[in-house]
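**Q** Build the 3D model from these lines:
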Amino acid sequence: TPTPKPDNGGDTTSGGFKHEASVTANSLNVRSKAGTNNPVVGTLRLGNKVTVIGEALDGNTKWYQISLPSGSIASSGYVSSQYIKLNLNKSIKAKITSSKINIRKAAGDKSVYLKNDLGNIVSLKKNKAVSIIDEAISSGVKWYKLSFKIDGKTYKGYAPAYQVGFRGENTENSAAPTPTPSPTKAPKPTKAPTPTPTPTPVPTEEPVPSIVPSPTPTPTPTPTPTPTPTPIPIPTTIPMPDKILEITDNPIYSYIGGSIDGYVVNTVYLNVYENMLANNQFLYDIYGQPIILLSGAKVLINEAVRVNEETWYHITYDNKINGHVRAEYIYVGSQLPFGIENHWKPVETPDPAPAVTPTPTPTPPLQLPDDTDFETKLLIEGFPETYKDALRKLHALHPNWIFEAYHVGLDWKTVIDAESIPGKNTIPNSKSVEWLSFDKGAYDWKTDKFVVYDGSYWVTASRVAVEYYMDPRNFLTEDTIFQFELLRYQSRYQDKAGVENVLKGTALYNTSYTFLDDAGKTQTLTYGETFMRAAEYSGVSPYHLASRVKQEVVTGPATLSNSVSGTYKGYEGYYNFYNIGANDSPGGGAIANGLTYAKNGTKNATTNATYLIPWTNPFKSIVGGSYFLGSTYINRGQDTVYLQKFNVTPISTYFHQYMTNVEAPWAEGRKIAAAYGNMKESPIVFSIPVYLNMPARPAPRPTTQFNPNNRLKSLKVLDLKNKELQITPTFNQTEYNYYLIVGNEVEAVQVNATTVSKKASVFGGGYISLGVGNNEIVIPVIAENGDIANYIINIVRE
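**A** So this is what the prediction gives:
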């Protein structure tokens, strides 16, 4: 007789209590018993009210039993407590269910223990009465904040929810239980008409909670077939991942002496840019689609250039396409390394119709599949139509990717107004003027100078630049969408091998280091292992942590910044891998500022202990710094690179922004995409903002503009002996009318005018003859953009 399988769901404790709560996830499965292996009996949506009537454990995960209304598949069901928020307007009576637990001062198994006046750790035994006064999630585990008394003294601290149980006959947190809304019944499975070569993965079991409730009501999917989306023209068939041409430790050359052959490597496809020395715009084909080169494509490399500390190659492909590509994705050489075979060959395409040189190669459109399930997900998430075409394209390329709509709940214009305040979003003053703000406080009309807000050249970005970079629809492409990647630790697919893949090509790749732990013992770890420890400690994605370190301190294939050398003068023995606190200032000092933080941290001893400060070795810096990133940004809702820059969450809205550089999410997203390499087939979760009252079309990239300054810097009237004649009123840049009376003997004057902007032009002036009576002299000033200001002098000759 076969051994029966154990019944999933653990022991259920119920009876005597009803606790009001609400759902914090976009969509939450209700199951027949505790545990993700049990059948789904319905689903709940964000903000739904529920009544908790019981609890059960599945391993160390607490599940709540909730009541279901009549007509449901079952009278009650189970949901993961991680996605349920208790109504804690009043405390909830509870008790300790483990034999003995030590209480911590904050949520998380790495937090310091709570101690009594004698310095002893506060511990509680089984059945000790406590009250739940708050709750928190740390590293994917729910923690309760407890209040309790020992020897008459009240203590407050944290314990894992799975070690605490509710006490019966308690409704103190609820005046009257609200009926649980009827969950959507789980649809019966239907047989797929034709299996696809690549199976769609099972959706993530319990989605990451969304901070802001969706303003869109949850639609109920109908069995009506979803129409096939309009085909989107993109480049030729994308090679499958196993056909990608890979070159380990591909070298990058900062100088190319003459044209040489090369190959596209280490990526599915590669975008081509028009001219990185002038702008960062894609090169487009005659269909209006970005030109891409497929893995294995052979190119001719013409030269290497450096832009913003990145190396780019100018290439020619098929004698028709010319542009810049990122150097790390090009292998330089006419022959591939020994043993490397280029399995995939680019598909030949027909000659294009006549077009402006360079002539791109037209490509057949990708027929996106009629994916009813995916269309239903887009509908349930509440994505506007203007998002869907780009998401369909990404889904066709990466069916494992998961797209969640983050409904911000804020008006688009209101957001742009708030983010366009001078100094809120900055950009280098080397940018052309369409990217720069001329608003009051951002630009000085008297000097034709932009006000520097950070470092020595960061000035306020223009409103159109802010709109462009804040509109998520502009960045729903393979190499820019990663600014929306959910940065919480996803243990289902994030592992050490993936971290090493992120670190590949740096001095941290497969590299070990040795340090003394707090017990004085020598420990040896790889950086990959350290980032995994950091993820477990902080709840932050190890890929994000590794990628951020790669951006902050990696200066070359074998070199790192002095921030992590441990030998920086005056700060020997200190490390700052995330450059936390390393803010720049006029004259420099960023490294010293960051290492000062590594040495001293904050003024709060408890916070410093949590952050493992001082950072006297790489382990403390990477692991402790990860907690800083998690607690100060990710775990408070700013859980994407986009939200860390543009804080449109409910907490400190428009403030608490990680950086001022308006281009940072776009730039970091591209670097993260590059860091993922061939791991892009993982079920990566993207949380994409959706605003209220968004424009019908994505915000356009700023178009070329010219300087509008048409002011005069000085205006003088001289007689023929070069003696200055005093005009009335005294010259002022914004005063346009002046007067002067001269004697009859003054037959002519000389008018000298200079402009504030070197790009403006002055007409008129010079030597001017005067007739008897009034002489009106007009001095037109024409700005670079064509705006004209007329300065007028009325000279009366007696």
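**Q** Show me this structure divided up by domain.
**A** 12-166, 233-365, 393-486+640-705, 494-638, 712-797 (automatic domain parsing).
**Q** could you dump those domains to TSV with mean pLDDT and mean neighbour count?
**A** Every C-beta, even on glycine, is put in place using the N, C-alpha and C of the backbone. Output for these, formatted as TSV (pLDDT from 0 to 100; neighbours: other C-beta atoms under 10 Å):
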stretch	mean pLDDT	mean neighbour count
domain 12-166	86	18
domain 233-365	73	16
domain 393-486+640-705	91	19
domain 494-638	90	19
domain 712-797	95	15
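**Q** In TSV, list the ones you listed along with distance to residue 380.
**A** Shown next, in TSV, are the domains of the chain (distance: least, C-beta to C-beta, whole Å):
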stretch	distance to residue 380
domain 12-166	7
domain 233-365	26
domain 393-486+640-705	9
domain 494-638	22
domain 712-797	48
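**Q** Out of these, which gets nearest to residue 375?
**A** Proximity to residue 375 (C-beta to C-beta) singles out domain 393-486+640-705 among the domains of the chain, at 9.6 Å.
**Q** what about the closest one, start to end distance?
**A** 33 Å (C-alpha to C-alpha, to the nearest Å).
**Q** just stretch 625-640 next, same as before
**A** Using C-alpha to C-alpha, the distance between the terminal residues of stretch 625-640 is 17 Å.
**Q** Now do it: distance to the chain's middle.
**A** 12 Å (C-alpha atoms, centre = their mean, to the nearest Å).
**Q** hmm, who's touching that stretch?
**A** For stretch 625-640, contacts defined as C-beta atoms under 8 Å, 6 or more residues apart in numbering pick out 110, 137-138, 208, 211, 406, 483-488, 534-535, 537-540, 545, 548, 576-578, 580, 610-612, 615, 643-644, 647, 649-651, 656, 658, 687.
**Q** out of the domains of the chain, nearest to residue 376?
**A** domain 12-166 (11.3 Å).
**Q** Quickly note the distance from residue 636 to residue 504.
**A** 32 Å (C-beta to C-beta, to the nearest Å).
**Q** One more: residue 760?
**A** Separation of residue 760 from residue 504 (C-beta to C-beta): 52 Å.
**Q** Ok, residue 314 next?
**A** 25 Å.
**Q** How about residue 315?
**A** Counting by C-beta to C-beta, the gap from residue 315 to residue 504 is 23 Å.
**Q** before we move on, what about residue 578?
**A** 20 Å.
**Q** How about residue 90?
**A** From residue 90 to residue 504 the distance is 53 Å (C-beta to C-beta).
**Q** likewise residue 164?
**A** 44 Å.
**Q** what does residue 81 give?
**A** 39 Å.
**Q** Can you tell me which of the contacts of stretch 625-640 end up in strands?
**A** Of these, the ones assigned to strands by DSSP state E are 137, 138, 406, 687.
**Q** Now the most centrally placed residue in the chain: closest residue in space, sequence neighbours ignored.
**A** In the chain, the C-alpha nearest the mean C-alpha coordinate belongs to residue 641, at 1.8 Å (C-alpha atoms, centre = their mean). Distance criterion C-beta to C-beta, 6 or more residues apart in numbering; nearest residue to residue 641, sequence neighbours excluded, is residue 483 at 4.5 Å.
**Q** pretty sure that neighbour is touching residue 642, no?
**A** Yes - contact criterion C-beta atoms under 8 Å: residue 483 and residue 642 qualify, at 4.7 Å.
**Q** Common neighbours of those two, please.
**A** 665, 669.
**Q** distance between stretch 276-289 and the chain's centre?
**A** With C-alpha atoms, centre = their mean, you get 24 Å for stretch 276-289.
**Q** going forward can the numbers begin at 139, since that is how I track them
**A** Okay, residue one is now 139; in that scheme the one you just asked about reads as stretch 414-427.
**Q** CA atoms of that stretch as PDB?
**A** Only the C-alpha atoms of stretch 414-427 are listed here, as PDB (Å, rounded to 0.1, in the frame of the first residue of the first chain):
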ATOM      1  CA  MET A 414      26.700  59.300 -29.100                       C
ATOM      2  CA  LEU A 415      29.000  62.200 -29.400                       C
ATOM      3  CA  ALA A 416      26.000  64.400 -30.200                       C
ATOM      4  CA  ASN A 417      23.000  62.700 -28.600                       C
ATOM      5  CA  ASN A 418      21.800  59.400 -27.300                       C
ATOM      6  CA  GLN A 419      19.100  58.800 -29.800                       C
ATOM      7  CA  PHE A 420      18.400  55.400 -31.400                       C
ATOM      8  CA  LEU A 421      19.000  54.800 -35.100                       C
ATOM      9  CA  TYR A 422      15.600  54.000 -36.700                       C
ATOM     10  CA  ASP A 423      14.600  52.100 -39.800                       C
ATOM     11  CA  ILE A 424      12.100  53.200 -42.400                       C
ATOM     12  CA  TYR A 425       9.300  51.700 -40.400                       C
ATOM     13  CA  GLY A 426      10.100  53.900 -37.500                       C
ATOM     14  CA  GLN A 427      11.500  51.100 -35.400                       C
END
